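S.K.: sequence isn't available, so here's the structure alone:
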């Protein structure tokens, strides 16, 4: 959430948080069903491996995001 807050301006923050929570609310039950399906048909180790791979992909994608430059106060 901190990345969302830091990535957008003050006027766009409400819309960014709305999108963030909407995507999370929609994807959580879908991902839970998919994980249950994988566990039922292919076993826990395959489901765990898929979950781990998606987290690693997410980490790699997050590493590509550049932190926006922060405004600094002028020297007094």
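M.R.: Nice, thanks for sending it over. Only a predicted model underlies this, so the values are computations on that prediction, with no experimental measurement involved.
S.K.: for burial, what's the neighbour tally of residue 8?
M.R.: Using other CB atoms under 10 Å, residue 8 is surrounded by 16 other residues. To be clear about C-beta, it is placed using only N, CA and C from the backbone, and glycine gets the same treatment.
S.K.: let's have the chain start at 91 instead
M.R.: In the new numbering, first residue 91, that becomes residue 98.
S.K.: pick out the residue nearest the middle of this protein.
M.R.: residue 148 (7.1 Å; CA atoms, centre = their mean).
S.K.: and it, what element?
M.R.: helix 134-153 (DSSP states H and E).
S.K.: what packs against that helix?
M.R.: Applying 3 or more CB pairs under 8 Å, 6 or more residues apart in numbering; DSSP states H and E, one finds that helix 134-153 contacts helix 103-132.
S.K.: what about this protein, any weak spots by pLDDT?
M.R.: Along the chain, the parts satisfying pLDDT under 70 run over 158-166.
S.K.: let's see it at 90
M.R.: Applying pLDDT under 90 to the chain flags residues 91-104, 106-107, 110, 114, 148, 152-166.
S.K.: does the spatially closest residue to residue 93 that is not a sequence neighbour count as helix, strand or coil?
M.R.: Closest residue to residue 93 apart from its sequence neighbours, by CB to CB, 6 or more residues apart in numbering: residue 155 at 7.3 Å. With DSSP: H, G, I helix; E, B strand; the rest coil as the basis, residue 155 sits in coil.
S.K.: show me the contacts for residue 131.
M.R.: Residue 131 sits next to no residue when contact means CB atoms under 8 Å, 6 or more residues apart in numbering.
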